[in-house]
Structure formats: C-alpha cells, structure tokens
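**Q** After the sequence you'll find the predicted model.
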Amino acid sequence: MSIEIDILNGKASRSIAEPLLSAVWPRHETEKLPWGHIEWAEPDLRVLIEETTGGLVCHAGIFFRTILWNGHKMHVGGIGAVATRADCRSRGYATLALEAATQTMRANEAARFAILFCQPHNFAFYQARNWHRFSGEVHAEQAEGRIRYDFMTPFVFDLGRAPRQGTIDLCGLPW
C-alpha cells in the first residue's frame, strides 16, 4: 500500500478535510466537551495523508501567527486538528503528518517555535515526539473578547527555542 502526503492551502482544501474531521469529531459529541463551544481559526495550510486505495486517512492543520509571549512579539507556527480515521490508527499516520507539519514550519525560518493544544490522552504521543508542556497561561480571542484558553493543554516544540512558561497571547482565535 502506498500513501501520498500533500500540503495544501487551508481554505482551499477545507472541503477535502471536512468529511474526515466530522467523522473524528462528530458535532453531537464535540458540543458536549469543554472546548465544544470554541470558535477555531482556519489553518493556513493542511497536511493531508491519503492511502492510494483508501482515501484521506489523516489531517493536521498548520498555522502561522505573530503572538505575544510575555509581551514580546514572536512569529510562531501552530498545529491543530490532528485527526486520523478510526480504522487507520496506530499505523504512524499522525506521526507522519506531525513531521510534515514541523518541517513545513522549519522552512518558514521566522517561526521561533511551534505550539499545539491537546487533551490528556494525547500527552504521551506528543511528548514522545519532543513536544514539551507549556506551564504558563494562554489567552485567545473569541466572540465575547479575550479569554484565558485553558480548555486544552499547550505543548511547544523547539524550532529555535520554545519557552516553557510565561504568558502567551495568541492574538486571535485558537487552533
């Protein structure tokens, strides 16, 4: 079996990714979660992994943003909506998508570090891939204004040097 890894424009590829994202996070289930009401940013790019015989099996969104860390502007990369089709898990697809996303961010030499947000059941996965828990506060924008974003745990990845604590303002919607 062979696979294809594509990195496509986020908005233009939304229709390709949507069936997989809806299958992994059905609306009727996610609306019950603590983060089910959150408005999310649209990825700038998407990593899409397809099996030649099975269609789209994995997705990872890539975000580029200038944020504030302890009041200092920094350009960062973000990863969000990492999703693998249920029947294709434990085959390394999420690792491939994560590696493609971080390599894409490395190519954008201005990104100082990467950040993602995850639930406790995914901590070990990201830690095994050299992501580190960020122990500070994170703030983001929502329709009601600036909020403390503590619905999921932030993890950071060293593209240059990632902070491990302090205050991050995403200066926009979370991903």
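**A** Good, I have the coordinates. Numbering: from 1, shown residues only.

**Q** CA atoms for contacts and neighbours, from now on please.
**A** OK.

**Q** Can you check what pLDDT the model gives the residue nearest the centre of the chain?
**A** Compute the mean C-alpha point of the chain, and by C-alpha atoms, centre = their mean the closest residue is G80, 1.6 Å away. Note for G80: predicted pLDDT of 98.

**Q** Just list what the helix ranked longest in the chain packs against, helices and strands only.
**A** For the chain, the helix with the greatest residue count under DSSP state H is helix 93-107. Using 3 or more C-alpha pairs under 8 Å, 6 or more residues apart in numbering; DSSP states H and E, the elements in contact with helix 93-107 are strand 45-51, strand 55-69, strand 72-84.

**Q** quick one: strands adjacent to the last one?
**A** What it means is strand 72-84. Here strand 72-84 has these sheet partners by DSSP bridges: strand 55-69 (antiparallel), strand 113-118 (parallel).

**Q** Figure out which of the helices and strands packed on helix 93-107 is closest to G136.
**A** G136 lies closest, by C-alpha to C-alpha, to one member of the helices and strands packed on helix 93-107: strand 55-69, at 10.1 Å.

**Q** surely E141 meets L173?
**A** Yes: if you go by C-alpha atoms under 8 Å, E141 and L173 touch, sitting 4.9 Å apart.

**Q** Between those two, which has more neighbouring residues?
**A** E141 (20 against 17; other C-alpha atoms under 10 Å).

**Q** Run through the bridge partners of the more buried one.
**A** R146.

**Q** how about A143, what does it touch?
**A** E39 (C-alpha atoms under 8 Å, 6 or more residues apart in numbering).

**Q** what does L173 give?
**A** 39-41, 140-142.

**Q** Mind putting those residues into TSV with distance to A101 and pLDDT?
**A** Compiled in TSV, the contacts of L173 are given as follows (distance: C-alpha to C-alpha, whole Å; pLDDT from 0 to 100):
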residue	distance to A101	pLDDT
E39	22	96
W40	18	96
A41	17	97
A140	22	98
E141	24	98
Q142	25	97
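
**Q** ok, so of these, who is nearest L68?
**A** Among those, and counting by C-alpha to C-alpha, the member closest to L68 is A140, at 10.7 Å.
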